[in-house]
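K.L.:
Model the structure of this input:
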Amino acid sequence: MHYTTKEEVHNRAKDSLGLSMDKIYETSGVYDTNVKNKNYIGDAFELWMGVAKNSRAEADLPEVGVELKATPYKILKNGQYSAKERLVLNIINYMNEANATFETSSFSHKDKLMELAFYHHNTNKPKNLWTFDEAILFSFPEKDLQIIKHDWEIIHQAILDGKAHELSEGMTDYLGACTKGASKKSVKQQPFSPIMAKQRAYCLKAGYMTSILRNYVFGDQQDPAIQKHKFELNTPQGKKEASSHPEQIATAEELATSSLDEIILKRLNSFKGLSVAELKSKLNINVTGTPKQLNSILIARMLNLKGDSANEAEEIQKADIQIKTISLKSNGKIKESMSFPAFKFNDIVNQSFEDSDFYDNLTKRFLFPVFKRLKNQKPSDDEIIFLGAKFWYLPEKDLEIIKGVYDDTAQTLRNGVQLEVRNGRVYNNFVPASANRISHVRPHTSQTQYVQGKYSNELPTPATWINRPDNDEKFDPSGRYMTTQCFWLNSTYLYEQITDITEL
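P.N.:
This is a model prediction of the structure:
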């Protein structure tokens, strides 16, 4: 199949919508397919578009400069669409990329213009009956491209500095350098260091893809860079009522001279040293509520946002920046460790660290606004001081240590957790904070449960009990259930990451 224009490519992709994968393969003359093949959906899209399987450095359709990508989405419990994963682009050749500029890079050469086909990752439906539900001809909106260029420059500089082995997705905002190939053997040479670096690929982060999905694919926002309708059926501009647009932190003009990180930190740190009372007065905030709610409003106002949460800002959503307020006690130590979402025991056993939700959360970019209490118990607004903010990501060397905690947790679950009753409390043998391994495992709630219920989940191997009370209905005799657990980052570790802003 030969295309002469990008319009022909897009219209062909739109014709695939609603067809089952079975039908697409059949139409393409391929009948013997393996749904367990991880490229099953992507191969179907390329077959439909008339492209033979390839690994070329140029775009899939070089005659019109269009790359083809099939990407999954999921539907959350609240009904919102969300990207299931980051969009992996091309593998980074460290040796070649070192000599490139942004304009001549493999990223710009291959991924500047893409036809994106979206499908619902529906586990309740056979994979061969999945369909492509929407397609867009996508190039980067002007403002996004400025942020992506800065992201590319960070990745490029790491390569030039001989630090490709230290690359992490958390270093950048929209464009990431994600691992490609989980095996330790998946390593590549880098030009300015003898250290072998993990194989990585450029990727668009899941937060960025979710924003595109909600606003442009299944929403009504429009941008000249993004084409959703078929070209011959294109709805004239102005005829469709656009959905409300998320608030924006930075303008394209500001991003032309400063990075997104610089803009955010400049605004936040301009309030350094002020008490919460002074911030409320200066920012015209007249609210009461929990400290968490108040901190959220304060940070939003410091960023010149009208909403009550900076998480609603377009750039924060697209970069999937995790804003984690850190509270220091009067002695300067962190008040508590940082929790991550609760996990299911069977997921830990059946997923590698690199495929886990925990890994996805760890490799995000964090923004730490830091407040210090001048007294620990019920401080007034005058007794809580804003010390400043910083961006942070988890270094690759520390990620390896946490991987050990994850793997040990999985092995403990496979072997059967050891549960012991001492002085009326139940203790387990998961990695504790006292092990000083950066991360530890414990519940997020004070509620405990060792029978099937709201605060527990099922173990893959029955637990081994020591001193379990007999005939106590609080303890399932089968040992199949225990209190739901979370991974945490140790408070002592977090403190080490913010020592540069713990004092004025």
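K.L.:
Every contact and neighbour count from this point should use C-alpha atoms.
P.N.:
OK.
K.L.:
where in the chain is pLDDT low?
P.N.:
Residue ranges of the chain with pLDDT under 70: 32, 53-57, 182-184, 233-244, 289, 503-504.
K.L.:
and it, what are its domains?
P.N.:
Domain segmentation of the chain under automatic domain parsing yields 6-233, 256-393+491-501, 399-489.
K.L.:
so how far is the first one off the chain centroid?
P.N.:
It refers to domain 6-233. In terms of Cα atoms, centre = their mean, to the nearest Å, the centre of domain 6-233 is set 15 Å apart from its chain centre.
K.L.:
same thing with the shortest one?
P.N.:
Distance, stretch centre to chain centre, for domain 399-489: 27 Å (Cα atoms, centre = their mean).
K.L.:
how far does that domain stretch from start to finish?
P.N.:
Taking Cα to Cα, to the nearest Å, the first and last residues of domain 399-489 lie 11 Å apart.
K.L.:
what would the domains of the chain look like in CSV with mean neighbour count and distance to Gln248?
P.N.:
Below are those laid out as CSV (neighbours: other Cα atoms under 10 Å; distance: least, Cα to Cα, whole Å):
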stretch, mean neighbour count, distance to Gln248
domain 6-233, 18, 11
domain 256-393+491-501, 17, 5
domain 399-489, 17, 30
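K.L.:
Any chance of those in CSV with distance to Pro246 as columns?
P.N.:
Output for those, formatted as CSV (distance: least, Cα to Cα, whole Å):
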stretch, distance to Pro246
domain 6-233, 9
domain 256-393+491-501, 5
domain 399-489, 31
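K.L.:
among the ones you listed, which is nearest Ala250?
P.N.:
The closest of the domains of the chain to Ala250 is domain 256-393+491-501. By Cα to Cα, the value is 7.2 Å.
K.L.:
still on that earlier bit, looking at the domains of the chain, which is closest to Glu247?
P.N.:
Nearest to Glu247, of all the domains of the chain, is domain 256-393+491-501, at 4.9 Å by Cα to Cα.
K.L.:
how about the strands of the stretch 251-400 of the chain, start to end?
P.N.:
For the stretch 251-400 of the chain, applying DSSP state E, counting those that start in this stretch gives strands covering 322-323, 326-328, 338-339, 366-373, 384-392.
K.L.:
Tell me which of those strands lies nearest to Tyr25.
P.N.:
Ranking the strands of the stretch 251-400 of the chain by their distance to Tyr25 (criterion: Cα to Cα) puts strand 322-323 first, at 40.6 Å.
K.L.:
Thr461 is nearest to which of the strands of the stretch 251-400 of the chain?
P.N.:
When the strands of the stretch 251-400 of the chain are compared for distance to Thr461 using Cα to Cα, the nearest one is strand 338-339, at 25.1 Å.
K.L.:
in its sheet, what does that closest one sit against?
P.N.:
strand 486-489 (antiparallel) (DSSP bridges).
K.L.:
List of residues touching the strand it pairs with?
P.N.:
The contact list for strand 486-489 (Cα atoms under 8 Å, 6 or more residues apart in numbering) reads 337-343, 358, 438-444.
K.L.:
Just the CA trace of the helix or strand following it, in PDB.
P.N.:
Remark: after strand 486-489, the chain's next helix or strand is helix 491-497, criterion DSSP states H and E. Provided in PDB are the C-alpha atoms of helix 491-497 (Å, rounded to 0.1, in the frame of the first residue of the first chain):
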ATOM      1  CA  SER A 491      11.800   8.900  56.200                       C
ATOM      2  CA  THR A 492      15.500   8.800  56.900                       C
ATOM      3  CA  TYR A 493      16.200   8.300  53.200                       C
ATOM      4  CA  LEU A 494      13.900  11.100  52.200                       C
ATOM      5  CA  TYR A 495      15.600  13.400  54.700                       C
ATOM      6  CA  GLU A 496      18.900  12.800  52.900                       C
ATOM      7  CA  GLN A 497      17.300  14.000  49.700                       C
END
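K.L.:
so how far is helix 491-497 from its chain's centroid?
P.N.:
Centre-to-centre, helix 491-497 and its host chain are 22 Å apart (Cα atoms, centre = their mean).
K.L.:
Which elements pack onto that helix?
P.N.:
Contacting helix 491-497 under the criterion 3 or more Cα pairs under 8 Å, 6 or more residues apart in numbering; DSSP states H and E is no other helix or strand.
K.L.:
Now with 10 Å, please.
P.N.:
Applying 3 or more Cα pairs under 10 Å, 6 or more residues apart in numbering; DSSP states H and E, one finds that helix 491-497 makes contact with strand 326-328.
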